[in-house]
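**Q** Sequence first, predicted model second:
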Amino acid sequence: MYLPRHYKVDKKKATNFKPFLLVVLLIALGTLFFKKRKEIQLLFAGNIPQKYAKNEKKIIETLASGKLVKDQVIEFTSISQSYLQVEPLNSSSHHAVAKSAYYELIVSGFEFSLKNLMKFVIESQIIEKDLDLYYPKLNTMYRNALRARIFSDEFREKHSNNLLILLYEILESRKKPSLILEELKQIEYEKVSPDLRSVYIWLSFIAAVSSGDIDALEEINEKNHNLQDGLQLKINEREVIFLKGISCYNKKEFVKALELLRESKGNLDFITVQAVKMEANIFYQQNLHEKAISILENLYQATGKEDDSIKQKISQIIASKPGLRSKVQ
């Protein structure tokens, strides 16, 4: 049939299905990734729990031989966070984050030292000028350790995890020392991670002294001597005698306390000054105000008249009984 040149045949354009197929493919891949995200994350992470265990072992070895390295802790924290993302309902992953916060606490400057132990048992608090720096790390440690316990009653790190909970509770004065001591006794020491056994000992010293339990104090001192040298709390016999004196004081066994506190005296150092202060306080509690004031006056002179806490104690004693006087004003 002849068609004029100006006449065009109306042909339907072929439909392009490529963009549609691409969208469907992307949706399918997205759905697959969402359903299999844990398996995919583990595949690319190279088995995060194993990485966590390997890094934990490195840190334990470092702590036993010297100071903790900050870069190690940064890496450990990163792995712990990945572990939690992959296994959010796993007690061990929450414990991993709690432990990374504990390590961050150490590298930020907090020390589980005899000095801080002494401060705590004498003043019921650890005086740290950078406490605001430490608290967020302690809080992160505590919250994640609690979550680990909520998700399971039994898991591999259970005893180490309970120890981290007790660490926060005693530093924040959440429980009486006697209750902390009982809960520490329920923790199986041999199942505590080697790097946390020094914390177990540090807390046990505090709880035993603060609750007036000399037997528990002697037991924990023995455990400390058997701990690996790099993880031991460095404490000598004189310091143990001083802590026993405080323990007897807290139990209101004042005669025995006086005997031990006097035995612990030496040169005019921290222990001697604190022992004299406690000796004066015992006489004050026994209603021997004048003797207490006399002891504190002599101590104030001996320490160069620079210890304001001695002046404050003298003022407190004078205010408690009419007619008392002191040479220290």
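**A** Great, that's in hand. Everything quoted here is computed from the prediction, not taken from an experiment.

**Q** and the most centrally placed residue in the chain, what element?
**A** Geometric centre of the chain, nearest residue: residue 167, 4.7 Å, by CA atoms, centre = their mean. Element membership for residue 167, per DSSP states H and E: helix 158-171.

**Q** Provide the contact partners of that helix at residue level.
**A** 91, 95, 98-99, 102, 126, 138-139, 141-142, 145-146, 148-149, 155, 174-175, 177, 180, 183-184, 186-189, 191-193, 196, 199-200, 203, 206-207 (CB atoms under 8 Å, 6 or more residues apart in numbering). Bear in mind the C-beta positions are built from the backbone N, C-alpha and C, glycine included.

**Q** For PyMOL, what selects the buried ones among those?
**A** In PyMOL syntax, the buried subset of the contacts of helix 158-171 is picked out as below (16 or more other CB atoms under 10 Å):
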select buried, resi 91+95+98+99+102+126+138+141+142+145+148+149+177+180+183+184+187+189+192+193+196+199+200+203+206+207
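
**Q** Quick one: residues contacting residue 258.
**A** 245, 279, 282.

**Q** run the last query once more with 10 Å
**A** 245, 248, 249, 275, 278, 279, 282, 283, 286 (CB atoms under 10 Å, 6 or more residues apart in numbering).

**Q** check which helix or strand covers the fifth one.
**A** Right, the one you point to is residue 278. Going by DSSP H and E, residue 278 is in helix 270-285.

**Q** Tell me how far residue 201 lies from residue 159.
**A** 14 Å (CB to CB, to the nearest Å).

**Q** thinking again about what came up before, quick check: the residue nearest to the centre of the chain vs residue 149, distance?
**A** 14 Å.

**Q** Let's see the longest helix seen in the chain as CSV, backbone CA atoms only.
**A** Ranked by residue count under DSSP state H, the longest helix found in the chain is helix 131-151. The C-alpha coordinates for helix 131-151 follow below in CSV (Å, rounded to 0.1, in the frame of the first residue of the first chain):
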residue,chain,number,x,y,z
LEU,A,131,36.8,13.1,90.4
ASP,A,132,34.6,14.6,87.6
LEU,A,133,36.8,13.0,85.1
TYR,A,134,36.5,9.6,86.7
TYR,A,135,32.7,9.5,87.4
PRO,A,136,31.5,9.1,83.8
LYS,A,137,33.8,6.1,83.4
LEU,A,138,32.6,4.6,86.7
ASN,A,139,29.0,5.2,85.7
THR,A,140,29.5,3.5,82.3
MET,A,141,31.2,0.6,84.0
TYR,A,142,28.4,0.2,86.5
ARG,A,143,25.4,0.5,84.1
ASN,A,144,26.9,-2.1,81.7
ALA,A,145,27.8,-4.5,84.4
LEU,A,146,24.3,-4.3,85.7
ARG,A,147,22.9,-5.0,82.2
ALA,A,148,25.2,-8.0,81.9
ARG,A,149,23.8,-9.4,85.1
ILE,A,150,20.2,-8.8,84.0
PHE,A,151,20.6,-10.7,80.7
